[in-house]
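J.: here is my input; please provide its structure:
(chains A, B, C and D)
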Protein chains: 4
Amino acid sequence: MTFECEFPVRFGEIDQAGVVYYPRFFHIFHMAFEEWFGALGATYADLVVRDNIGFPSVKVETEFLKPLRYGDRARVCLELEEIGRKSITCRYTMYRMPGDVEAARARITTVAIDNDTFKSITIPDEWRERLQRFKDAA
Amino acid sequence: MTFECEFPVRFGEIDQAGVVYYPRFFHIFHMAFEEWFGALGATYADLVVRDNIGFPSVKVETEFLKPLRYGDRARVCLELEEIGRKSITCRYTMYRMPGDVEAARARITTVAIDNDTFKSITIPDEWRERLQRFKDAA
Amino acid sequence: MTFECEFPVRFGEIDQAGVVYYPRFFHIFHMAFEEWFGALGATYADLVVRDNIGFPSVKVETEFLKPLRYGDRARVCLELEEIGRKSITCRYTMYRMPGDVEAARARITTVAIDNDTFKSITIPDEWRERLQRFKDAA
Amino acid sequence: MTFECEFPVRFGEIDQAGVVYYPRFFHIFHMAFEEWFGALGATYADLVVRDNIGFPSVKVETEFLKPLRYGDRARVCLELEEIGRKSITCRYTMYRMPGDVEAARARITTVAIDNDTFKSITIPDEWRERLQRFKDAA
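T.: Residues are numbered from 1 along each chain as shown, chains lettered A, B, ... in the order given. Take a look at the predicted model:
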């Protein structure tokens, strides 16, 4: 299954070159990641605050294809590529709207950790099931 | 006494209008506030992490006089205007460098809190003395 | 008339104290300002990119009443307090959701400028009418 | 040759997990990239503003090894891995200070463009020589 969401480019996200500052793309991907939890039947705050689990990024591969400008919107498609014992890997594709032009692609691996110790943990069953359900949905 | 520090304008701090995005001015003031603790013979991490005290801003008055562009630097002068029982008020003046043109002025009141309860507290004596020493220095 | 919009607190907007970093409040106010243009029958990109007009903030007064945490949402109410010849003054009230607790108040004056020269200009009639229509609407 | 610089972790760079928000690592890498131009005998503003050349990132590979917390500093080592006709690839290693613990590694390819057309260009000789001189220096 693919989760989709859309964010307007903000006035303050533009850099000296007149396009979205590239570190902001990772913020946009992270916002999509947060929104995605709604599609899992939960919130990211449930994971992080209630269950005290972290999901820091450990590996990030990205290609930037087209710039985004003020007035554009970023449509982000998130796919769950892999569910490991302790980590998940998501694929993100960002489209520049209007026009639906592919603007960026990323593959981001995040590891489940105990927020207190910052040590990796096995993804708890409750969350694994949510993730699997999303992955399996047509 | 006046504490001074300087920050280069960063590529990613520019907005669609080609100047430093105004919310970034408050980030720059906050960086100056953090640096200022060095002049108190401590670090802001000592206050926040070791002593578990917060200093959230409760009142902010600002005037923006001139824009900053990429290639400029922001020279910030911080003066401690007032030390209350639970709060302090600092005055910030930002100069655009080169040229030393006054670019912004701010008056920011921050209240001492217990970081766990987020309730205001009397500024501990150790910190009050540091603040007073700074204020009294010629 | 009052314009309202709502923004979720983002994971990356939290600071070392566990609450929304105060300069981010100004980013949230600016996002509300951008969204508000929809209620004027235009976009902020129309003003800035198409019409080459800027609206930099020149005066900002703010009171911070309550912190926002991860999982909260910021509901922002924007009122147009005054339309001057070259400037407008907006009032912002931010409520912490859920609970509708007043979290911050701001009064921000922005001046119309020519984006090329950065000199102030009289607000063009087309925009003045949009602003007046919003102000007069019940 | 390796270029080194160091940045304190800022109060506002921390996220809900109590560590530097990972998109900020890319901002820190970009600040190192900007600082690096000093070692080339120029400024990034010379390139971007005076010469109207852009250097957007087109490919980014990153591994995050250790978190940074408030009170830490980020020491960044930048190496110029490759100078192509139109692009350069830099390697970044971030060390957490104190302790000199490797915290992140990145490999970032940036392409020279004409800022007006956003089309890729051959790196001008003047800049190519600066880059080569840096790469060849012991």
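J.: for the rest of this, base every contact and every neighbour count on C-alpha atoms.
T.: Noted.
J.: how about the residues of chain A near chain B?
T.: A:11-16, A:18, A:21, A:70 (C-alpha under 8 Å from any C-alpha of the partner chain).
J.: tell me the helices and strands packed up against the helix or strand harbouring A:Phe3.
T.: Using DSSP states H and E, A:Phe3 sits in strand A:2-8. Judged by 3 or more C-alpha pairs under 8 Å, 6 or more residues apart in numbering or on different chains; DSSP states H and E, strand A:2-8 is in contact with helix A:22-39, strand A:73-83.
J.: what would the ones you listed look like in TSV with mean neighbour count, mean pLDDT and distance to B:Arg128?
T.: Output for the helices and strands packed on strand A:2-8, formatted as TSV (neighbours: other C-alpha atoms under 10 Å in any protein chain shown; pLDDT from 0 to 100; distance: least, C-alpha to C-alpha, whole Å):
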stretch	mean neighbour count	mean pLDDT	distance to B:Arg128
helix A:22-39	19	97	39
strand A:73-83	20	98	49
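J.: out of the ones you listed, nearest to chain D?
T.: Minimum separation from chain D across the helices and strands packed on strand A:2-8 (C-alpha to the nearest C-alpha) falls at helix A:22-39, 5.3 Å.
J.: contact partners for the nearest residue to A:Gln132 once chain neighbours are set aside?
T.: Sequence neighbours aside, A:Ile83 is the residue nearest to A:Gln132 in space, at 7.6 Å (criterion: C-alpha to C-alpha, 6 or more residues apart in numbering or on different chains). For A:Ile83, the contact set (C-alpha atoms under 8 Å, 6 or more residues apart in numbering or on different chains) comprises A:89, A:128, A:131-132.
J.: contact residues of chain A facing chain C?
T.: Contact residues, chain A versus chain C (C-alpha under 8 Å from any C-alpha): A:10-12, A:27, A:31, A:34, A:45, A:70-71.
J.: can you do 7 Å?
T.: Within reach of chain C by C-alpha under 7 Å from any C-alpha of the partner chain, chain A has these residues: A:10, A:31, A:45, A:70-71.
J.: list only buried entries from those.
T.: A:10, A:31, A:45, A:70-71 (16 or more other C-alpha atoms under 10 Å in any protein chain shown).
J.: now these in TSV, with distance to D:Val58 and secondary structure?
T.: As requested, those are arranged in TSV below (distance: C-alpha to C-alpha, whole Å; DSSP: H, G, I helix; E, B strand; the rest coil):
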residue	distance to D:Val58	secondary structure
A:Arg10	21	coil
A:Met31	21	helix
A:Ala45	32	helix
A:Tyr70	20	coil
A:Gly71	22	coil
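J.: circling back to that earlier point, so which of the contacts of A:Ile83 comes closest to chain D?
T.: A:Thr89 (13.5 Å).
J.: that closest one: what secondary structure?
T.: strand (DSSP: H, G, I helix; E, B strand; the rest coil).
J.: which helix or which strand is home to the nearest residue in space to it that is not next to it in sequence?
T.: Nearest non-adjacent residue to A:Thr89, counting by C-alpha to C-alpha, 6+ apart: A:Thr109, 4.2 Å away. Using DSSP H and E, A:Thr109 sits within strand A:101-111.
J.: any weak-confidence spans in chain A?
T.: Scanning chain A for pLDDT under 70 picks out no residues.
J.: rewinding a little: ok, now which ones touch the residue nearest to A:Thr89?
T.: A:57-60, A:87-90 (C-alpha atoms under 7 Å, 6 or more residues apart in numbering or on different chains).
J.: buried among these? Make that a ChimeraX selection.
T.: To isolate the buried members of the contacts of A:Thr109 in ChimeraX, using 16+ other C-alpha under 10 Å:
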select /A:57,58,59,60,87,88,89,90
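J.: of all the contacts of A:Thr109, which comes closest to chain B?
T.: The nearest one, if we look at the contacts of A:Thr109 relative to chain B and count by C-alpha to the nearest C-alpha, is A:Val60, at 20.5 Å.
J.: tell me which residue is most central in chain A.
T.: A:Phe33 (3.1 Å; C-alpha atoms, centre = their mean).
J.: hang on, the earlier thing: put the alpha carbons of the strand holding A:Phe3 into PDB.
T.: Only the C-alpha atoms of strand A:2-8 are listed here, as PDB (Å, rounded to 0.1, in the frame of the first residue of the first chain):
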ATOM      1  CA  THR A   2       1.100   3.600  -0.600                       C
ATOM      2  CA  PHE A   3       0.400   6.400   1.800                       C
ATOM      3  CA  GLU A   4       0.100   9.800   0.300                       C
ATOM      4  CA  CYS A   5       0.000  13.300   1.800                       C
ATOM      5  CA  GLU A   6       0.700  16.800   0.500                       C
ATOM      6  CA  PHE A   7       2.400  19.900   2.000                       C
ATOM      7  CA  PRO A   8       2.500  23.400   0.600                       C
END
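J.: as JSON lines, the residues of chain A next to chain B with secondary structure would be great.
T.: Shown next, in JSON lines, are the residues of chain A next to chain B (three-state DSSP):
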{"residue": "A:Phe11", "secondary structure": "helix"}
{"residue": "A:Gly12", "secondary structure": "helix"}
{"residue": "A:Glu13", "secondary structure": "helix"}
{"residue": "A:Ile14", "secondary structure": "strand"}
{"residue": "A:Asp15", "secondary structure": "coil"}
{"residue": "A:Gln16", "secondary structure": "coil"}
{"residue": "A:Gly18", "secondary structure": "coil"}
{"residue": "A:Tyr21", "secondary structure": "coil"}
{"residue": "A:Tyr70", "secondary structure": "coil"}
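J.: check whether stretch A:57-76 contacts chain D.
T.: Yes. Against chain D, stretch A:57-76 shows contacts by C-alpha under 7 Å from any C-alpha at A:57-65.
J.: so which of those is the closest to A:Glu102?
T.: A:Leu65 (6.9 Å; C-alpha to C-alpha).
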